[in-house]
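J.: Have a look; sequence and predicted model below, questions after that.
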Amino acid sequence: MFDTLTDKLGSALAKLTRRGALTEADVATAMREVRVALLEADVALPVVKDFIAKVSEKAVGEKVVKSVTPGQMVIKIVHDELVTMLGGDPDSQDFAAQFDSVGIDLKAPSPVAVLMVGLQGSGKTTTSAKIAHRLQTKEKKRVLMVSLDTYRPAAQDQLAILGKQVGVMTLPIVAGQQPLDIARRGLAEARSGVFDVVMFDTAGRLTIDEAMMAEVTAVRDLVKPHETLLVTDAMIGQDAVITAQSFNEKVGVTGIVLTRVDGDARGGAALSMRAITGRPIKLIGVGEKVDALEVFHPQRIAGRILGMGDVVGLVEKAVANVDHEKAEKLAARMQEGKFDLNDMLSQLQQIQRMGDMKGLLGLIPGIGNALKQVKDSQMDPKTFKRLEAIIQSMTPKERRVPDLIKASRKQRIAVGSGTSVPEVNKLLKQHQQMETMMKRMKKMGGIGALAGMMGGAGGGLAGMMGGMGGGMPRPGGPPFGRK
C-alpha cells in the first residue's frame, strides 16, 4: 500500500544523506518534497501541515546541525514523527509488546462483547471471521459470532459459512428476527454457552445514514461492547477518514481495522486516521486468506514506509509458518553436505507458506533498491509453483538421484509439469549449484560458512527465482545465480 509513498519519501530524504552538512535551505527543500509526497498519498491536509511543522522545527535544531551525520538525524526525526502520527511511541523499547497476537483488549469479564461496525462492502463480515479465528487459535478463546445483518441478502448465511471454514461457532439463524432480538439472543447464548468472546457483525449501508446509525447505537446500548471496531477499506482514501469520523462521533469506536492494505491504495487513510479521529488502527487486513490479518504496530509500519524494513514482522511470519521439525532435518542434512531435490521441494513449500516473496523482501532492512529492480524485472509471481510442479513430476528415485535425469526423462518431466525442457534444465542447474554449496560448506566448517559462499554459489532459492523468472537482483551486484 505504501510503495509509492516509500519511493517518494526515499528520494526526498536521500538528498539529505548525501550532504556532509545541512543548511536550513536544504531542510526546507526536502520538506517541500515530503509535503508533496504526503499530499499525493492522500494524507489529510491538516495532518500534513502539522507533520511538516514538527519535523522542520526539529530538523534545523542545534542537535542536528552538530551531528556527525545530519542527514541520518533528519531521517530519524521523520521516522519518529511518523510513529507519533500513527499513534505509537517512538521512544518505546518494549519489543515484547510487538508480538501482541490479537490487537484488541480482552480484559473485561466474559463474555467480552466486540461490536463490528462499518459501511457495506468494507469487508466487515470477513474481518469478523478473521478476528474470531485469531482469537480462537492464538489466544485459545471460545468465540461466538452473531450476524445482525438482516438487510443484505445471505449476509447471515455468509457468516455461518465463514464460521464453519474457520471452526468458530455462529448463532443459529431464525428467519424474520430483527437485529435487536438477535443481539439479545446472542448475549444469552454467549452467557449460557460459557463463551469468552461474542462478536456482533452489524449491518452496513452504501453510505452513512440516520437509520443505520440509530440501529447501531441501539445495538451498542444493548450489548455494551468492550470493543467497538470500525472496519474500513483502505482503497477509498480520504472517504475512509470521513467514515471513521462519523462513526466515532455518533457511535463511539475504540479502534479501527483497515482492510485491503495489500492493494494499491495510496496509504493516506492510515496516516490520517489516528491524527483526525484520535482512535488507533488496531488491525490491518493484508489478503483474502483467513490468517491474512496483522496487528498494526506504528513503529514497524513507519519503518516499512521509510524503507527500513520490518525484521520483527519477518520473524513472526517465519515462526508462524515454518515447519520446525522439517527445518531441523534440512539443517542436519546441510551440515552433512547433502541436498537433493526433495530438500529443495521442502524449502520451496516452506517459503510459499510465508507469503508473497516481494512482500517478504520488503520486510528486510536495506533491500529497498533491490526490491525496485525485482518489480521491474519479469519475475513471474507463480515461479515457485512452476518449480514445485517440475520437482513433483519427477519419480522418487529421480529426486534422490538427479544425475539420472537425461534427455528423455527431462521431456517427460516438462510435459508432466506443464513447463519446458529449458526450464527443467535451469532448475537442475540451480540444484547442482546449491548441492555444491552444501558440500563446500561442510568442508569449510558448517553453517557458519554459508554467508560467505552465497555470493559465489548461485544464491540458493534466490538463484532459482533468477533462473526461472527473469533474474532477481542482489543489492550492489549482478542477479543471483549469475556471474
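T.: Cool, the structure landed. Numbers count the residues shown, from 1 in each chain.
J.: Name the residue most distant from the centre of this structure?
T.: Distance from the C-alpha centroid of the chain, by C-alpha atoms, centre = their mean, peaks at residue 408 (43.6 Å).
J.: Which strands and helices lie in contact with the host helix or strand of that one?
T.: Element membership for residue 408 (DSSP states H and E) is helix 407-417. Using 3 or more C-beta pairs under 8 Å, 6 or more residues apart in numbering; DSSP states H and E as the contact test, the elements touching helix 407-417 are helix 383-392, helix 421-444. Every C-beta, even on glycine, is put in place using the N, C-alpha and C of the backbone.
J.: Using TSV, please lay out those together with mean pLDDT and mean neighbour count.
T.: TSV is the format used below for those (pLDDT from 0 to 100; neighbours: other C-beta atoms under 10 Å):
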stretch	mean pLDDT	mean neighbour count
helix 383-392	87	19
helix 421-444	81	18
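J.: Could you dump the ones you listed into CSV and include distance to residue 201?
T.: As requested, the helices and strands packed on helix 407-417 are arranged in CSV below (distance: least, C-beta to C-beta, whole Å):
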stretch, distance to residue 201
helix 383-392, 34
helix 421-444, 46
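J.: What is the burial count for the residue nearest to residue 9 when sequence neighbours are not counted?
T.: Nearest non-adjacent residue to residue 9, counting by C-beta to C-beta, 6 or more residues apart in numbering: residue 37, 5.4 Å away. Counted with other C-beta atoms under 10 Å, the neighbours of residue 37 add up to 21.
J.: where does residue 37 fall, helix, sheet strand or coil?
T.: Of the three states, residue 37 takes helix according to DSSP: H, G, I helix; E, B strand; the rest coil.
J.: same check, this time on the one 5 residues further on
T.: Reducing the assignment to helix, strand or coil with three-state DSSP, the entry for residue 42 is coil.
J.: Give the burial count for it, as a bare number.
T.: For residue 42, the neighbour count with other C-beta under 10 Å is 21.
J.: got the contact list for the nearest residue to it once chain neighbours are set aside?
T.: Distances taken as C-beta to C-beta, 6+ apart put residue 268 closest to residue 42, at 2.9 Å, once the chain neighbours are dropped. Residue 268 makes contact with 38, 41, 42, 43, 44, 237, 238 under the criterion C-beta atoms under 8 Å, 6 or more residues apart in numbering.
J.: okay, the residues you listed in CSV with distance to residue 168 and pLDDT next?
T.: As requested, those are exported to CSV (distance: C-beta to C-beta, whole Å; pLDDT from 0 to 100):
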residue, distance to residue 168, pLDDT
38, 39, 87
41, 36, 83
42, 35, 80
43, 36, 84
44, 36, 83
237, 32, 71
238, 34, 74
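J.: would you list every one of the helices in the stretch 51-200 of the chain?
T.: 62-65, 70-85, 124-138, 155-166, 179-192 (DSSP state H, counting those that start in this stretch).
J.: Format these as JSON lines; extra columns: mean pLDDT and mean neighbour count.
T.: Formatted as JSON lines, these follow (pLDDT from 0 to 100; neighbours: other C-beta under 10 Å):
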{"stretch": "helix 62-65", "mean pLDDT": "60", "mean neighbour count": "13"}
{"stretch": "helix 70-85", "mean pLDDT": "81", "mean neighbour count": "21"}
{"stretch": "helix 124-138", "mean pLDDT": "93", "mean neighbour count": "22"}
{"stretch": "helix 155-166", "mean pLDDT": "94", "mean neighbour count": "18"}
{"stretch": "helix 179-192", "mean pLDDT": "95", "mean neighbour count": "17"}
